[in-house]
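> model the structure of this input:
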Amino acid sequence: MSNSPKRPPAGLPDKDTLLAFLREAGSAEKTDIARHFGLKGGDRRALREMIRELEAEGKLGKRGRKGFSEAGALPPVGVADVIERDADGEMYVRLVEASPDAPHALLIPDKTKAAPGMGDRLLVKFQRGAEGWEARLIKKLDIGTNRVLGVIRKSARETRVEPVDRRSKDVLLVPQAQSGDLRDGDLVLAAIEKGEHRYGPKRGKILENIGKEDDPRAASLIAIYAHSIPTGFSEAVEREAEDQELPTLKGREDLRDVPFITIDPADARDHDDAVYAVRDEDPKNEGGWIVWVAIADVAAYVRPGSQLDREAREKGNSTYFPDRVEPMLPELLSNGLCSLKEGENRACMAVRMVFDKDGRKTGHKFVRGLMRSHAKLSYEQAQAAIDGQTDDATGPIMEAILYPLWNAYHAMLKGRLKRSPLQIESAERHIRMAPDGGIASIEKRTSLEAHRLIEEMMIQANVCAAETLEQKKTPLIYRIHDAPSQEKIFNLADFLHTIGKPWNKGEPGTTKRFNKLLDETRDTEHADVVNEVVLRTQMQAIYSPENVGHFGLNLDRYAHFTSPIRRYSDLIVHRGLIRALNLGKDGLTDREIAELPAIAEQVTSTERRSMAAERDAMDRYIAAFLEEHIGATFAGRITGVTRFGLFIRLEDTGADGLVPVSTLGSEYFTHDDRAHALVGERTGKRFTLGRMVEVKLREATPVTGGLVFEMLSEPEPRDPNAPAPRYGIRGRGGDGPPMRGKNRPGGPKPPKGGRPSGGLKGVRKGKRK
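Below you'll find the model as predicted:
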């Protein structure tokens, strides 16, 4: 028998090849290794085993939480813990989350700083010394560190960090000792040093070099770091994901003959919901419909208390950027076992709903099943088929699947119209990325009936989940959306008075009343601004174990059930249903029930965090796209009026920018907050909210997302009924006091009210209703 080593499976490298790859790469995560060698399925398990063997042989070491490198290597800079003090008082550190046998490094203290103690966490620079590894102290890390994300600006005299947050004033001076390896334009994470800084900029220390400001991915990277979006997964989570097994019929209803289909964005990588509809043959429900909604059974794989569960809860939800996604679950689940792929068996939680001919839901039932998607369609593909343009995928399923789906939706639509949810129209933009990572175009999203069909079916499934849990007296996390406050209604009434649309301040703000206003102005010059102001009047939706209903949808009870791949709130609702209906042993635990208030607060917070990061990244990508068009003129609309200027939203791209008040003209301007206008002191001429204008792009700063415009349109004539302002803010050519702080061009961002509320966005991919 030959003693030669067993030949590895096809595609799997041998140990020497793997070590050579890591030696060349420096370090790599397991997913990067698998991708480099094109490994799938069983080969990935074999790779994991090989990595374990190499670790056991002492040839492989860990780098960070998930990375691996050749044994004995340490990164140039890293976070380390003080783990040992010898008899001479010298301290040794170990790289955080390194393997137990990773090399220790002698700590070389900085005599200008307080000496660290045992257990302290430090940022250190590793280097090989005469007797082994040494770690030179850069900074002691602590929770209270005030951090700044910024861009390195180097001159002959000094190196500074300019913050990427356009509202921040924390320009930091970098010590000469740290500036040598830095290059102009580097994106860095820096910490403000404690101590008195009476004159000049504050001092800072570089914690991490993130990348370059001209990197095509800089916008999303800045957003991730600025908003502390968790990235990646621990090795334990990846291992749990890899160890999951394909679903079987055990404990499940066989739904594989139900011809479910998925309808998603064309570029969707995960498919967490599928639909099917058929006429109800019950003679008591003539003209009625049976609608099935199947959702990926994430609870079968992400179990309470597991490492997968802990990290999913910490993330709270997936975060979507134009060039990347930071998922809540590892790719092996989100794009694998939990994705309802065409032709593959998948575990699901499904609800069978019955509607009468007028769209009233008369009953529903949840089952835990095994399904198989019969087709994967995009919204555009499904809509084109209904409009008469079929293709190879849609042609064969028109009669059996697509026509029944649309007919069922039209019946459900009657019930929706009777319910009268808010009919706010929000124009969304889509950034299309080029192959090189740049921006190919910014396009308006077209609203299709296919979108509305899926949205309504998801809403009804969410309602069923809330109803079932209430009926079974099982605690849950609701998705609640409160009615607008009295103050917001008063502000709305003040604005409507300026355009001749009466609204009695004592009149309650119901969805029916808001829709009446929107309908009355839909085909007028005020349509867009009324839509915008009504949107700003709404509260934000949140998660809560206490129910107050959902104002925007005009529903008494509502919970998120349809997206457990990307929202932890939905996973909690799934577990609640499993517990309430005795569908398995992996349902909601008593401990989770006790923690529901904390979980609701956590997922509300992570959703807000993701929304802010997504919005900031979008601003930066748009600024990068428009940087090449400085000096060009654009049509836009005034979407915000403040004392320091006018916020303009461009018609084509949806970009938001500022016209500083100092550039408006040769007179003072005062802010009339009741009229939502800037009014000239001398002439009384006005720039009012909602007006279409022409502007010139003066500045575009991709790293901050800031846009500054120059107003080209003339102001409107003075309102004859308005009193003349007695004071104002200096305009161009005026001799008033200089502008400071928020009044300076490009200073602030649009107010939060100037953005669409999170409470009314859709329920589909990347949307939160």
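> going forward, measure contacts between C-alpha atoms and count neighbours the same way
Will do.
> what number of residues lie near residue 538?
24 (other CA atoms under 10 Å).
> er, residue 472 actually
Neighbours of residue 472 using other CA under 10 Å come to 13.
> nearest residue to it in space, please, no chain neighbours.
Taking CA to CA, 6 or more residues apart in numbering, and ignoring the residues beside it in sequence, residue 472 has residue 580 as its nearest neighbour in space, at 5.9 Å.
> for stretch 324-340, buried residues please.
Within stretch 324-340, the residues that count as buried by 16 or more other CA atoms under 10 Å are 326-340.
> gap between that stretch and the chain center?
15 Å (CA atoms, centre = their mean, to the nearest Å).
> got a list of contacts for that stretch?
The set of residues external to stretch 324-340 that reach it, using CA atoms under 8 Å, 6 or more residues apart in numbering, is 220, 230-233, 237-238, 241-242, 246, 262, 269-274, 296-298, 308, 311-312, 315-320, 346-347, 372-373, 565-567.
> could you do stretch 273-290 as well?
Stretch 273-290 is contacted from outside by 258-263, 291-296, 340, 352-359, 373, 401, 404-405, 408, 411, 562-563, using CA under 8 Å, 6+ apart.
> from those, list the buried ones, please.
By 16+ other CA under 10 Å, those give 259-263, 291-296, 340, 352-359, 373, 401, 404-405, 408, 411, 562-563 as buried.
> and stretch 157-177, end to end?
End-to-end distance for stretch 157-177: 13 Å, by CA to CA, to the nearest Å.
> contacts for that stretch?
When contacts are defined by CA under 8 Å, 6+ apart, stretch 157-177 is touched by residues 148-154, 179, 188, 190, 192, 201-206, 222, 703-704, 706, 746-749.
> which of the residues you listed are buried?
With burial judged by 16+ other CA under 10 Å, the buried subset of the contacts of stretch 157-177 is 148-154, 179, 188, 190, 192, 202-206, 222, 703-704, 706, 746-749.
> pLDDT score for residue 230?
On the pLDDT scale, residue 230 is placed at 86.
> residue 384 too?
On the pLDDT scale, residue 384 is placed at 97.
> equivalent analysis for residue 98, please.
Residue-level pLDDT assigned to residue 98 equals 60.
> the contacts of stretch 157-177 in strands, which ones?
In this view, the contacts of stretch 157-177 that belong to strands under DSSP state E are 148-154, 188, 190, 192, 202-206, 706.
> you'd agree residue 496 is up against residue 490?
No: contact between residue 496 and residue 490 fails when scored by CA atoms under 8 Å: they sit 9.9 Å apart.
> stretch 489-499: how far from the chain's middle?
Relative to the chain's own centre, stretch 489-499 is displaced by 33 Å; criterion: CA atoms, centre = their mean.
> again with stretch 22-37
28 Å.
> and that stretch, average pLDDT?
Stretch 22-37 shows an average pLDDT of 76 in the prediction.
> now the helices for the stretch 501-650 of the chain?
Secondary structure of the stretch 501-650 of the chain (DSSP state H, counting those that start in this stretch): helices at 511-521, 527-537, 568-580, 590-594, 596-626.
> would you turn those into TSV with distance to residue 74, mean pLDDT and mean neighbour count?
TSV is the format used below for the helices of the stretch 501-650 of the chain (distance: least, CA to CA, whole Å; pLDDT from 0 to 100; neighbours: other CA atoms under 10 Å):
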stretch	distance to residue 74	mean pLDDT	mean neighbour count
helix 511-521	61	93	17
helix 527-537	52	89	21
helix 568-580	36	98	26
helix 590-594	40	95	13
helix 596-626	32	92	21
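> which of those helices sits closest to residue 710?
Nearest to residue 710, of all those, is helix 596-626, at 14.7 Å by CA to CA.
> residue 104: what's it in contact with?
92, 93, 94, 95, 133.
> farthest pair within these?
95 and 133 (11.6 Å).
> neighbour count winner among the two?
Neighbour count, other CA under 10 Å: between residue 95 and residue 133, residue 95 has more, with 29 against 19.
> name the nearest residue to the more buried one, sequence neighbours excluded.
Using CA to CA, 6+ apart, the nearest residue to residue 95 is residue 80, at 4.2 Å.
> check which helix or strand that neighbour maps to.
strand 77-85 (DSSP states H and E).
> and that strand, what does it pack against?
On a contact count with 3 or more CA pairs under 8 Å, 6 or more residues apart in numbering; DSSP states H and E, strand 77-85 meets strand 91-95, strand 121-129.
> give me the distance between the longest one and the centre of its chain.
Distance of strand 121-129 from the chain centroid (CA atoms, centre = their mean) equals 35 Å.
> what angle do it and strand 77-85 make?
90 degrees (axes from the mean of the first three to the mean of the last three CA atoms, to 10 degrees).
> now strand 121-129: buried residues?
Residues of strand 121-129 classed as buried by neighbour count (16+ other CA under 10 Å): 121, 122, 123, 124, 125, 126, 127.
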